[in-house]
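In: Following is a predicted model, sequence given first.
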Amino acid sequence: MIWPPYHTAALREGILTAREAHQVRACYGGKLTMIDQWFGRILDSLDRNDLWKTTGVFVLTDHGHYLGEKDIWGKPGVPVYEPLGHIPLMVAWPGESPREVDALTTSVDIHATLADIFGVQSRQRTHGVSLVPLIAGKEASVRDYALTGVWGREVHLLDGRLKYARAPGGPNAPISLWSNRWSTMPAGPSHLRLPPPDDRAFLDRMPGSKIPVIRQPFTPGDMFPYWAYGRFSGNHLYDLNDDPNEEHNLAGEKIEGDVADLLRRELIKIEAPDDQLSRLGLV
């Protein structure tokens, strides 16, 4: 057993034995050890060539991986809990001493940071914010909110303390997929490949872009891209300061209404598709 089944109750339902679960975690630990070894070669090269004075280094990943937290394994269809979404970010910067920066960031901010450093103007709109003011110690924060999620599933709003995961209240619809590479979407086993666009498809434009792409609407009963499969467990709202393990769901309490309004405003601000607001019951 070297790779976990993508499941939300693998131990409880007997899909994994305790021994297999231990093996999966051990293999993941071995992988991290291998990464440490090879990443160390890069750091050694920076030392050997005296490059720290002129080189910025960003260390992060795309997402985490569930290894039994809440008996979740792999990356199944669940809200983005901390083990998956709270990724590391370490930055080494010429002239800056090591310190901890407590600021909300997302991975799209890395692109904005590089563009800022090199004076590059992006051709199309992006949602990143440059981290240069944080790195230089000129600002304590660069963003108030961050959005995250997996296509076809919950949309999450974070403010550094609260995390809100909004799910469809009924059927997972309406929903559309945009792509300019339809023949390769989504990657995966052949039996999961989508059928070609049908007569409902039309040309549309992503927010901030003038380049047309195919927009394929889906309705219940269609074959969805595999990310959207899986049951929903309602909305989730956690205070990460008081509840870092996300055990006490505050959804349904008075505070949810305020956070839901904020999520709606943030989605409108980034020109989210109209069907997204409808799907989440935020119209």
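Out: Yep, it's here. Remember, predicted model here, so these are calculated numbers, not experimental data.

In: ok, now which ones touch Ser209?
Out: Residues near Ser209 by C-beta atoms under 8 Å, 6 or more residues apart in numbering: 124-125. Just so you know, the C-beta spots here come from the backbone N, C-alpha and C atoms, and that holds for glycine as well.

In: Got phi/psi on it?
Out: phi -130, psi 150 (degrees, to the nearest 10).

In: gap between it and Gln276?
Out: Look at Ser209 and Gln276: by C-beta to C-beta, to the nearest Å, they are 17 Å apart.

In: can you check Ile35 too?
Out: Going from Ile35 to Gln276 by C-beta to C-beta gives 35 Å.

In: do Phe58 as well
Out: Taking C-beta to C-beta as the measure, Phe58 falls 30 Å from Gln276.

In: One more: Arg193?
Out: In terms of C-beta to C-beta, Arg193 sits 24 Å off from Gln276.

In: next one: His7
Out: For His7, the distance to Gln276 equals 28 Å [C-beta to C-beta].

In: Also Asn180?
Out: Taken as C-beta to C-beta, the span from Asn180 to Gln276 is 19 Å.

In: Please enumerate the strands of the stretch 1-150 of the chain.
Out: According to DSSP state E, counting those that start in this stretch, the stretch 1-150 of the chain carries its strands in the segments 57-60, 66-67, 73-74, 89-92, 146-149.

In: What are the contacting residues of the third one?
Out: Spelled out, it's strand 73-74. With C-beta under 8 Å, 6+ apart as the test, strand 73-74 has contacts from 3-8, 10, 16, 21, 24, 65-67.

In: make it 6 Å
Out: Residues from elsewhere that reach strand 73-74 (C-beta atoms under 6 Å, 6 or more residues apart in numbering): 4-7, 10, 66.
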